[in-house]
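> Quick one, fold the following:
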Amino acid sequence: MTATARFLADMNTLETLCIWGVATGGAAGSRLRLAIGSKFLRPKPVENMNLQPELQTHRREYSLYVWCHWIIHDQDRVVMTSEGNSDPNGQMVRAIEDLISVPITNVELVVPSFRLKIAFQNQQNLIMFPVQMPVSEWDDYEFNTPDRAYSVKAGAINESSV
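Numbering: from 1, shown residues only. You can find the predicted model right below:
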């Protein structure tokens, strides 16, 4: 099985799971950090007052880190983009927080660009648009499972065991 096939199989395990924690806005700017699936109590809390309390006290089953351009839309309108207001209590943070506890219903991956679309039960979609070329040192997004880490750029996916 190729890294792309494993990535998509692992992403499909997110169906029916929910985001329970987010970090975005403020110093993070338009970057997203999403905690998905089960929560596991940390032996010692993380001392970072910029994180939600649950992210300070719990680890995640799955995580998605997004550095590339992204958009959230529903059937009728664009709700938010990575170019929006990233103030700590601004529209971007509220738009992402609106996805907390909403079940994921579908995951689509477009190859070879690795554009990723995550659909939610509330009819909203989060779409990531990779733009970094494989030769770049930067990733566009990263997906972590309990035993694998995937880093993604436009046209390339790298996989490692954790």
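> Could you give the bridge partners of Val66?
Leu32, Tyr141 (DSSP bridges).
> what about the helix or strand that contains Phe143, distance to the chain center?
Under the assignment given by DSSP states H and E, the secondary-structure element containing Phe143 is strand 141-144. If you compare the mean C-alpha spot of strand 141-144 with that of the full chain, they lie 7 Å apart, counting by CA atoms, centre = their mean, to the nearest Å.
> got it, and stretch 148-157?
Offset of stretch 148-157 from its chain centre (CA atoms, centre = their mean): 13 Å.
> Flag every buried residue along it.
Of all the residues in stretch 148-157, those buried under the rule 16 or more other CB atoms under 10 Å are 150-154, 156-157. For the C-beta atoms, the positions are set from N, CA and C on the backbone; glycine is no exception.
> okay if I get these as JSON lines plus secondary structure and distance to Leu126?
What follows is the buried residues of stretch 148-157, written out as JSON lines (DSSP: H, G, I helix; E, B strand; the rest coil; distance: CB to CB, whole Å):
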{"residue": "Tyr150", "secondary structure": "strand", "distance to Leu126": "17"}
{"residue": "Ser151", "secondary structure": "strand", "distance to Leu126": "18"}
{"residue": "Val152", "secondary structure": "strand", "distance to Leu126": "15"}
{"residue": "Lys153", "secondary structure": "strand", "distance to Leu126": "19"}
{"residue": "Ala154", "secondary structure": "coil", "distance to Leu126": "18"}
{"residue": "Ala156", "secondary structure": "strand", "distance to Leu126": "21"}
{"residue": "Ile157", "secondary structure": "strand", "distance to Leu126": "19"}
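> What would the strand holding Phe143 look like as PDB? C-alpha coordinates only.
Extracted C-alpha coordinates of strand 141-144, given in PDB (Å, rounded to 0.1, in the frame of the first residue of the first chain):
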ATOM      1  CA  TYR A 141      -0.500  20.400   6.500                       C
ATOM      2  CA  GLU A 142       0.300  17.500   8.800                       C
ATOM      3  CA  PHE A 143      -2.000  14.700  10.000                       C
ATOM      4  CA  ASN A 144      -1.100  12.600  13.100                       C
END
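> Cool, thanks, signing off.
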